[in-house]
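Peer 1: kindly return the folded structure for what I paste below:
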Amino acid sequence: MTMFNDNKAVDATGNELSFLYEMLFCDELSLFEEVLEDTGVYPWQVLFNPMATPDELYGLIDLATNETRIKLLAYHRLRQTNQPVLKQELLGVIVEVGLQDGLDVLAAYQDGTARYLHHTGKIILWESSNEQSQVLIDTLLLESSKVVQEIGIWPHGRLNPPKTGNARISFLVSNGLYFGEADCDVLFSDPLAGPALMAATALLNYLTSKVQA
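Peer 2: Coordinates of the predicted model:
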């Protein structure tokens, strides 16, 4: 199920921007309940079923036609119930930059969808991938996977957004959250994180050229 069905730019209020930001990480199922017309249809009836079995949740993950956010939510449900997730699959990348006037955020997912939240409330919703955008997202995931292999999983709850002047790159992995954060200049020049951030910049430039934000 897709929340939006085309590529477009929209305006959001401050509250809407905060809500969409929280949804990017796919670690709070209740947020999706607020925007769904019916949680009793597949695959949502599985995700919202407190008695869903690991096999049912893995069924959502293994179904190739399910969007990445469904898979992330299913993995999160598994981890919440202390089910072992041995697979280390990178499913999404989120880049945040703390600015004087707010937060800019780019999120990209394995299925070719993406979100760009500008601090002014301008939002790009990228739901229909094309050959070029998929190549850019695949490159971002490839460079990001190199970072994931070198850093440890974050064992605590998700942090508040980065402070002004800092950048953070978060990796949404099947077995949990990985991230790196530093001063913007430091992180972008880091030999490990730098290539992933440059790939994110290339993706952002493409999205903004195709959908006026």
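Peer 1: flag the shaky bits of this structure, pLDDT-wise.
Peer 2: The chain contains residues with pLDDT under 70 at 1-5, 213.
Peer 1: cutoff 50 now
Peer 2: Where the chain drops to pLDDT under 50, the residues are 1-4.
Peer 1: tell me where it has helices.
Peer 2: Taking DSSP state H to define them, one finds helices in the chain at 14-24, 29-33, 44-47, 54-62, 68-80, 131-148, 184-188, 193-210.
Peer 1: wait, which of the ones you listed is closest to residue 6?
Peer 2: Closest approach to residue 6 among the helices of the chain is made by helix 193-210 (11.7 Å; C-beta to C-beta). Just so you know, the C-beta spots here come from the backbone N, C-alpha and C atoms, and that holds for glycine as well.
Peer 1: and the angle for the closest one with helix 131-148?
Peer 2: Put simply, helix 193-210 runs at 160 degrees to helix 131-148, going by axes from the mean of the first three to the mean of the last three C-alpha atoms, to 10 degrees.
Peer 1: redo the helices of the chain as CSV? Include distance to residue 163.
Peer 2: As requested, those are exported to CSV (distance: least, C-beta to C-beta, whole Å):
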stretch, distance to residue 163
helix 14-24, 15
helix 29-33, 24
helix 44-47, 33
helix 54-62, 35
helix 68-80, 26
helix 131-148, 21
helix 184-188, 11
helix 193-210, 18
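Peer 1: for residue 175, find the nearest of these.
Peer 2: For residue 175, the closest of these is helix 68-80, at 7.5 Å, according to C-beta to C-beta.
Peer 1: next, the buried residues of that closest one.
Peer 2: Neighbour-count burial for helix 68-80, counted by 16 or more other C-beta atoms under 10 Å, picks out 68-78.
Peer 1: how near is the residue of the chain most remote from its centre to residue 43?
Peer 2: Most distant residue from the mean C-alpha position of the chain: residue 51, 26.2 Å away (C-alpha atoms, centre = their mean). For residue 51, the distance to residue 43 equals 15 Å [C-beta to C-beta, to the nearest Å].
Peer 1: next up, the contacts around residue 78.
Peer 2: Residue 78 makes contact with 54, 57-58, 85 under the criterion C-beta atoms under 8 Å, 6 or more residues apart in numbering.
Peer 1: most neighbours of all those, which one?
Peer 2: In terms of neighbour count, residue 57 stands highest of those at 23 neighbours, by other C-beta atoms under 10 Å.
Peer 1: I figured that one hits residue 72, correct?
Peer 2: No. Here residue 57 lies out of contact with residue 72, judged by C-beta atoms under 8 Å, at a distance of 11.6 Å.
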